[in-house]
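Peer 1: okay, sequence plus prediction incoming.
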Amino acid sequence: MKIGQYKVTLAKLCSRLLLSFSFIIAGGLGQMAISNEPPKPDARSEQRPAVGNQPFIIPEAEIPKLQDEALGGSGAAAYRLAQYYSFAVFDHGLGLHWMKVAAENGDVRGVYGLGMTLSKSSDRQDRLRAKYWLEKAAREAQDPIASLARALLKDMGDPERR
C-alpha cells in the first residue's frame, strides 16, 4: 500500500469513528430537526453529571456565565456547554442546541460537530445543512478537522439521496 492510500484509509477510519461518536452528540438525532430555540431541559438534565465524565463537568455556578458568553459570541463557551450537556448530563437536546451556537459563533469544533451530527439525520433538510457545515469546516479548519470534514463529505455523498 502506498503512503497516500494509508492517509485515505486512516481518514476514512477516523471519519467512521467520528460518525459513530456523532450519535452520542445527537442522542440519536433521527427525526429531530434543528430549531433556533433551546429545548426545555428534560428530566435527565436535572440529574447530577455522571461521575465518569469528569472532563466535561462544569461547576453549576459557572453555567450561567458560560451561557452568557456563548450567547454573546464565544464559540469556545458554547462548545464547552455542548460537551457538558451531551456527555456529562446526557441532555442531548441541549447539547445539540449549544453545538449549533458554537458553530454559529465560528468554533471549528462546533462547525464540524454540527455537520457530523446533522449528516446522520434522516431529515433531508438536516443533511443539506450538514453539507454546508462540513464544507465550512473543510475550508476554514486546520487538520485534522479539515481532513475529517472532507472525508465525511466524501462518505456522505449526495445529501438528497438517502
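Peer 2: Okay, I see it.

Peer 1: quick one: pLDDT of residue 92?
Peer 2: As predicted, residue 92 sits at a pLDDT of 89.

Peer 1: in this structure it contacts residue 84, no?
Peer 2: No: the pair residue 92 and residue 84 fails to qualify as a contact (C-beta atoms under 8 Å) at a distance of 11.8 Å. For every residue, glycine as well, the C-beta is placed using N, CA and C.

Peer 1: tell me which of those two has more neighbours.
Peer 2: It is residue 92, of residue 92 and residue 84, that has more neighbours when counted by other C-beta atoms under 10 Å, with 26 against 23.

Peer 1: where's the more buried one relative to residue 98, distance?
Peer 2: Going from residue 92 to residue 98 by C-beta to C-beta, to the nearest Å gives 11 Å.

Peer 1: shared neighbours of the two, anything?
Peer 2: Common neighbours of residue 92 and residue 98, using C-beta atoms under 8 Å, 6 or more residues apart in numbering, are residue 85.

Peer 1: any idea how far residue 154 is from residue 80?
Peer 2: Separation of residue 80 from residue 154 (C-beta to C-beta) stands at 30 Å.

Peer 1: ok, the two, which is more surrounded?
Peer 2: Shown here are residue 80 and residue 154; by other C-beta under 10 Å, residue 80 has more neighbours (21 against 13).

Peer 1: what packs against the strand or helix carrying the more buried one?
Peer 2: Assigned by DSSP states H and E, residue 80 belongs to helix 75-83. Other helices and strands packing on helix 75-83, by 3 or more C-beta pairs under 8 Å, 6 or more residues apart in numbering; DSSP states H and E, are helix 63-71, helix 92-104, helix 108-119.

Peer 1: neighbouring contacts of the first one?
Peer 2: When contacts are defined by C-beta under 8 Å, 6+ apart, helix 63-71 is touched by residues 58, 77, 78, 80, 81, 84, 98, 101, 102, 105.

Peer 1: which of the residues you listed count as buried?
Peer 2: The neighbour-count test (16 or more other C-beta atoms under 10 Å) applied to the contacts of helix 63-71 identifies 58, 77, 78, 80, 81, 84, 98, 101, 102, 105 as buried.

Peer 1: with that, I have no additional questions.
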